[in-house]
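Student: Build me a model:
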Amino acid sequence: MSKTNLNDQRPVKLYRSAKSGHCHRVQLMLSLLEIPYETIELDMANGAHKAPDYLKLSPLGQVPAIEDDGVVLSDSNAIITYLAERYSDAGKWRGATPVEAGEVQRWLSIAAGEIASGPCAARLVTVFGARLDHEAAKAKSHALFKVMDAHLDGRDWLAAERTTLADIAGYSYVAHAPEGGVGLTPYPNIRAWLARVEALPNFVGMARSPALA
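Tutor: Residues are numbered from 1 along each chain as shown. All right, here's what the predicted structure looks like:
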């Protein structure tokens, strides 16, 4: 896909919930790539994500979704991949070698798997009142964080020697894990990695809730 000239770019419409980590990873990617965007807040408590007009954008009724000059796309990992392909050096973000590409994909899978069922799920309980097994989610979080902290020993980023989609997909729910009762104190390498992400030019944070750990 040919790269879009940002000088001629109409803002990408980002349909989101402000405290959703899935939505934040898309907003973070938009900001890092300096892509103009506007946010459309969905009142999910009152079912806005299940309204017929929104289901045309996101058939599963999930956030986030984007509209970008005729392109409609949902699923946060799909969206950040699309943004890298359309607006940047895709190899830089998705992996410049087969090994890097494999590592990036591995961490995207972890973001959709262990992160979603661990720190994301724990936070869904405390921030949104979801009826999930909070203790199981916290246990999964700590099991994952032990692996992540060891993985980050001696390295700055998750998948390569630079920031990639792996870091963008992984950041939000790990950074906000204390809001779900999962403390980060035992994991110095994770905390250093989070600080590196937050030091990136054009970093934008997610709305915070009170930390429980």
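
Student: average model confidence for stretch 102-114?
Tutor: Average pLDDT, stretch 102-114: 98.

Student: got a list of what His151 touches?
Tutor: Going by Cβ atoms under 8 Å, 6 or more residues apart in numbering, His151 touches Leu158. For every residue, glycine as well, the C-beta is placed using N, CA and C.

Student: Equivalent analysis for Ile79, please.
Tutor: Taking Cβ under 8 Å, 6+ apart, we find Ile79 in contact with 26, 29, 64-66, 73.

Student: Most neighbours of all those, which one?
Tutor: Compared across the contacts of Ile79, Val26 has the highest neighbour count, 32 neighbours, by other Cβ atoms under 10 Å.

Student: quick revisit: which pair of the contacts of Ile79 spans the longest distance?
Tutor: Pairwise distances across the contacts of Ile79 (Cβ to Cβ) peak at 14.2 Å, for the pair Met29 and Ala65.

Student: Same list (the contacts of Ile79) but as JSON lines, adding distance to Leu200 and secondary structure.
Tutor: Supplementary listing: the contacts of Ile79 in JSON lines, determined by distance: Cβ to Cβ, whole Å; DSSP: H, G, I helix; E, B strand; the rest coil:
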{"residue": "Val26", "distance to Leu200": "16", "secondary structure": "helix"}
{"residue": "Met29", "distance to Leu200": "11", "secondary structure": "helix"}
{"residue": "Pro64", "distance to Leu200": "20", "secondary structure": "coil"}
{"residue": "Ala65", "distance to Leu200": "25", "secondary structure": "strand"}
{"residue": "Ile66", "distance to Leu200": "21", "secondary structure": "strand"}
{"residue": "Leu73", "distance to Leu200": "24", "secondary structure": "strand"}
